[in-house]
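generate coordinates for the sequence data below:
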Amino acid sequence: MSIDVLDRPGDLDDDALWAQRGFTTMTPARTGRMMVDRALAADPCPALTGALTGIDPAALDPDTRVDLIRAWARLAGWVDAQQQVALAAVVAATEDCGLTGDDARHEVGVALRLSPGTAYATVQRAVALTGRLTDTLAALRRGEISGRQAEAIADAVEQLDDPAAATVQDRVLAKAPEQTLAELKAALRRAVIASDPAGAAERAAKAAADRRVSRSPLDDGMAELRATLTATDTELVWAELTARAQAEHIRRTDQGLRGADLPGMDALRADALVDAVLAPHRDHQDRGDTPREQPRAQLRVTIDLPTLLGLAQHPAELAGYGPLHPAIARELASDADWIRFTTDPQTGELLDLGRTRYRPSRRLAAFIRARDQVCQWPGCSKPAERCDLDHTCDYRCGGPTSRDNLGPFCRQHHNAKTHGRWRYRRDPDGTGHLTSPLGKTHLIRPPWRRPDQC
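Model (predicted):
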């Protein structure tokens, strides 16, 4: 984009210049309208950033304000495109130092504070967009599509060969600027099946084999449980939950419940799901005959002693979830199906344990996992229960099997540290220092905190 003299604020107040362009009266709204029109007509570039930054949205007409957010969205696409090129350059630098392109996910993940899965996907998309999907990258650079749309295209063709990926890109790219993200994803699914019917069947079978259930924390003592199932199973489960929720809604309505006392259908579906999973187990508990083939699940809660006794209201920590309201944690105290770790109320640290053998004792392993909670790699949220307990100072070099020399690392990050030339050291206060193969050192703060800290 070329910004001429009329784009400079000092010139925008010159009525004579504006009269030459057909404007007899200059107002901030007219000025902003012209600037926004130019921004929408021009290719995004650094100069466009300065032009848009100088516009006061409050001085614009209502319709111009809408066009302003469109202009900023186009510029955001251009910025996303620049980052894809930069990400690909990090991949190249990683390969130049003797590692593979996949190893760049660790460098990117730590630098951007991304989880392992997100870091891997980020790297793969950048490689694809700067490689076989250059038309998609060009559309992103022009601001015609958003970063999320570009990601959707890259993700959809990830498992396709180059000719099939090019076919899918050609089929969807023309309409993508006018589509919502959901519409584009539906178009991508159709294009992928059409471009490779046989492969689509194989991928569907593999995807079914990879079905899973995952969870993620939400605010206010809530969490999200997400199931990835076949489309048919999903529809059947949804229909069953809806039927149970409707039946419960009728039952409660017949009891005279109305308004705020009557949960909505979404809440009743959630209740139906919990009942379907836990009711059989609770029935066995009531009879005292928990089946041998179904071990009882346990929760692990870390809480300081004053809060446990009701003398303080500090947040507890539920393993796998995070901060938990103290009242909820105290309710769990009456349930045998939880493991409690009590912390020092002054420092937030757990008590010490230790052994001199290579493998930590069960109590020491439980302590380490309760203390560190998740993998020590920055951005990784893999629960410590599913991590290796790694010696910071190698056991063969005299490193003790103690709380000060042990920490959880998930298998992929354990391997990156052991075989991928990452270096890690731990300070006595629990602070970690992780140095990448490219020489970047990252500080890792210990997870514990005083009750007055967030």
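
poorly predicted segments of the stretch 201-350 of the chain, please.
In the predicted model, the stretch 201-350 of the chain carries pLDDT under 70 at residues 280-299, 320, 332-350.

would you confirm that residue 364 contacts residue 406?
Yes. Between residue 364 and residue 406 there is a contact under Cβ atoms under 8 Å: 7.5 Å. For glycine as for every other residue, the C-beta is placed from the backbone atoms N, C-alpha and C.

which one of these two is surrounded by more residues?
For residue 364 versus residue 406, neighbours defined as other Cβ atoms under 10 Å are more numerous around residue 406 (25 against 20).

measure the nearest residue to residue 57 once chain neighbours are set aside to residue 144 for me?
The shortest distance from residue 57 to any non-neighbouring residue, by Cβ to Cβ, 6 or more residues apart in numbering, is to residue 65 (5.5 Å). Here residue 65 is placed at a distance of 22 Å from residue 144 (Cβ to Cβ, to the nearest Å).

just the strands in this structure please.
Along the chain, counting by DSSP state E, strands occupy 212-217, 223-228, 299-304, 316-318, 322-324, 338-343, 388-391, 406-409, 423-426, 432-435, 441-444.

pick the most buried one from the ones you listed.
Among the strands of the chain, ranked by average contacts under mean count of other Cβ atoms under 10 Å, first place goes to strand 406-409 (a mean of 25).

and it, what does it pack onto?
Counting by 3 or more Cβ pairs under 8 Å, 6 or more residues apart in numbering; DSSP states H and E, the packing neighbours recorded for strand 406-409 are helix 362-372, strand 388-391.

these two touch, right, residue 67 and residue 40?
Yes. Counting by Cβ under 8 Å, residue 67 does reach residue 40; the two are 6.3 Å apart.

show me where the stretch 201-350 of the chain has helices.
Secondary structure of the stretch 201-350 of the chain (DSSP state H, counting those that start in this stretch): helices at 231-254, 265-287, 305-308, 326-332.

as CSV, those helices with mean neighbour count would be great.
Shown next, in CSV, are the helices of the stretch 201-350 of the chain (neighbours: other Cβ atoms under 10 Å):
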stretch, mean neighbour count
helix 231-254, 13
helix 265-287, 13
helix 305-308, 17
helix 326-332, 16
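
redo those as CSV? Include distance to residue 97.
Formatted as CSV, the helices of the stretch 201-350 of the chain follow (distance: least, Cβ to Cβ, whole Å):
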stretch, distance to residue 97
helix 231-254, 44
helix 265-287, 48
helix 305-308, 48
helix 326-332, 47
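
residue ranges with poor pLDDT in the stretch 351-454 of the chain?
Ranges of the stretch 351-454 of the chain meeting pLDDT under 70: 351-359, 395-396, 448-454.

repeat that with 50
Within the stretch 351-454 of the chain, the ranges that satisfy pLDDT under 50 run 351-358.

the stretch 1-150 of the chain now?
Within the stretch 1-150 of the chain, the segments meeting pLDDT under 50 span 1-15, 17-25.

now do 80
Residue ranges of the stretch 1-150 of the chain with pLDDT under 80: 1-29.

what ranges do the helices span in it?
In the stretch 1-150 of the chain, the helices defined using DSSP H, counting those that start in this stretch lie at 9-12, 15-20, 28-41, 46-53, 62-96, 104-112, 116-129, 134-141, 147-156.

which strands and helices sit next to the third one?
What that stands for is helix 28-41. Contacts defined by 3+ Cβ pairs under 8 Å, 6+ apart place helix 28-41 against helix 46-53, helix 62-96.

for the fifth one, same thing?
Counting by 3+ Cβ pairs under 8 Å, 6+ apart, the packing neighbours recorded for helix 62-96 are helix 28-41, helix 46-53, helix 104-112, helix 116-129, helix 134-141, helix 147-156.

what residues are bridge-paired with the nearest residue to residue 423 once chain neighbours are set aside?
Excluding the flanking residues, the one nearest residue 423 by Cβ to Cβ, 6+ apart is residue 435, at 4.4 Å. Judged by DSSP bridges, the bridge partners of residue 435 are residue 423, residue 441.

residue contacts, residue 28?
Applying Cβ atoms under 8 Å, 6 or more residues apart in numbering, one finds that residue 28 lies in contact with 56, 59, 60.

what do you get if the cut-off is 6 Å, keeping everything else the same?
By Cβ atoms under 6 Å, 6 or more residues apart in numbering, the contact list for residue 28 reads residue 59.

not counting stretch 249-264 itself, show me its contacts.
With contact meaning Cβ under 6 Å, 6+ apart, stretch 249-264 is reached by residue 268.

hmm, 8 Å instead?
Contacts to stretch 249-264, defined as Cβ under 8 Å, 6+ apart, come from residues 265, 268, 271.

turn these into JSON lines, including distance to residue 327.
Below are the contacts of stretch 249-264 laid out as JSON lines (distance: Cβ to Cβ, whole Å):
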{"residue": "265", "distance to residue 327": "28"}
{"residue": "268", "distance to residue 327": "25"}
{"residue": "271", "distance to residue 327": "21"}
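
how does the chain divide into domains?
5-60, 75-210, 217-287, 302-343, 362-444 (automatic domain parsing).

what about the second one, how long is it end to end?
Read it as domain 75-210. 38 Å (Cα to Cα, to the nearest Å).

what's the closest of the contacts of stretch 249-264 to residue 88?
The closest of the contacts of stretch 249-264 to residue 88 turns out to be residue 265 (Cβ to Cβ; 46.6 Å).

give the contact list for the spatially closest residue to the closest one that is not a sequence neighbour.
Of all residues not flanking residue 265 in the chain, residue 245 sits nearest, at 5.3 Å (Cβ to Cβ, 6+ apart). The neighbours of residue 245, taking Cβ under 8 Å, 6+ apart as the test, are 265, 268, 269, 271, 272.

quick check: residue 245 vs residue 251, distance?
11 Å.

repeat for residue 330
Distance of residue 330 to residue 251, computed by Cβ to Cβ: 32 Å.

residue 127 too?
55 Å.

let's have the strands of the chain in TSV, adding distance to residue 92.
Shown next, in TSV, are the strands of the chain (distance: least, Cβ to Cβ, whole Å):
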stretch	distance to residue 92
strand 212-217	33
strand 223-228	33
strand 299-304	43
strand 316-318	41
strand 322-324	37
strand 338-343	45
strand 388-391	30
strand 406-409	27
strand 423-426	22
strand 432-435	20
strand 441-444	21
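
now do the contacts for residue 411.
Going by Cβ under 8 Å, 6+ apart, residue 411 touches 387, 388.

now it: how far from residue 120?
14 Å.

alright, that wraps it up for me.
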